[in-house]
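can you look at this prediction? I've put the sequence above it.
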Amino acid sequence: DAMVIQNPRYQVTQFGKPVTLSCSQTLNHNVMYWYQQKSSQAPKLLFHYYDKDFNNEADTPDNFQSRRPNTSFCFLDIRSPGLGDAAMYLCATSRAGPGTQYFGPGTRLLVL
Amino acid sequence: GEDVEQSLFLSVREGDSSVINCTYTDSSSTYLYWYKQEPGAGLQLLTYIFSNMDMKQDQRLTVLLNKKDKHLSLRIADTQTGDSAIYFCAESKDSNYQLIWGAGTKLIIKP
């Protein structure tokens, strides 16, 4: 089945220790998104890629970076995680042109 | 600015219908969505409706859109325990990729 896959499902890191979260998709969608979601709040968009074009949201901290080496994969790098970065991180994809977004299962990040 | 509002909680008895409501402010919204999120899980697209439609039905789910009042609702017929989740309403426009989200409605099922 075509899908959005996130690894790992749970990630524990130490305060200040860089961490990378991974997302892959078999939908062949042009657009990939990273969201942060805290405590059953609405997801907050961090950034998105349209093909290789990177689009950062204005209020996304510099601590968060992303890479998209090819159509299928997208990575979220947190350079120096703080306690406030503990959250669920959701990856999503959509076809070219705004429309329906399909979400992965999420990676829950815990910062000790 | 753009805003999407939902009630935070809805409690219904098993077997009854659930109606989750959402209001939005941006009249240029093109797509309106309902996503379901079970505890500890990602967001599952339940259904969506284009702004030129009034109603969409898919098995137990009925979406009603009142463009004049900017009101969207999701009706779940014969609510089951597996429907217990948080339901997010979201909107998007043709002009950008961002989804504007409601805060989510937690659906609680009473036996």
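In hand now; what should we look at?

look up how far residue B:86 lies from the residue of chain B found nearest chain A.
Minimum separation of chain B from chain A (CB to the nearest CB) falls at residue B:101, amounting to 3.7 Å. (C-beta placed from N, C-alpha, C; glycine too.) For residue B:101, the distance to residue B:86 (CB to CB, to the nearest Å) stands at 11 Å.

for the chain, which spans come out with low pLDDT?
You didn't say which chain, so I picked chain A. Applying pLDDT under 70 to chain A flags residues A:1-2, A:97-98.

oops, wrong one, chain B.
B:1-2, B:94-96.

which bits of it sit near chain A?
B:30-31, B:33, B:35, B:37, B:40-45, B:48, B:86, B:88, B:92-99, B:101-104, B:106 (CB under 8 Å from any CB of the partner chain).

please name the nearest non-neighbouring residue to residue 17.
Went with chain A since none was named. Excluding its sequence neighbours, the residue lying closest to residue A:17 (CB to CB, 6 or more residues apart in numbering or on different chains) is residue A:81, at 6.7 Å.

nope, chain B
In space, residue B:17 is closest to residue B:77, 5.3 Å off (CB to CB, 6+ apart).

ok, back up a step: how many neighbours does the residue nearest to residue A:17 have?
22 (other CB atoms under 10 Å in any protein chain shown).

any idea how far residue B:22 is from whatever residue of chain A ends up closest to chain B?
Nearest residue of chain A to chain B: residue A:42, at 3.7 Å (CB to the nearest CB). For residue A:42, the distance to residue B:22 (CB to CB) stands at 12 Å.

ditto for residue A:6
Residue A:6 is 27 Å from residue B:22, by CB to CB.

and for residue B:81?
To residue B:22, residue B:81 is 23 Å away according to CB to CB.

what parts of chain A come near chain B?
A:6, A:31, A:33, A:40-43, A:45, A:48, A:50, A:55, A:90, A:92, A:94, A:97-106, A:108.
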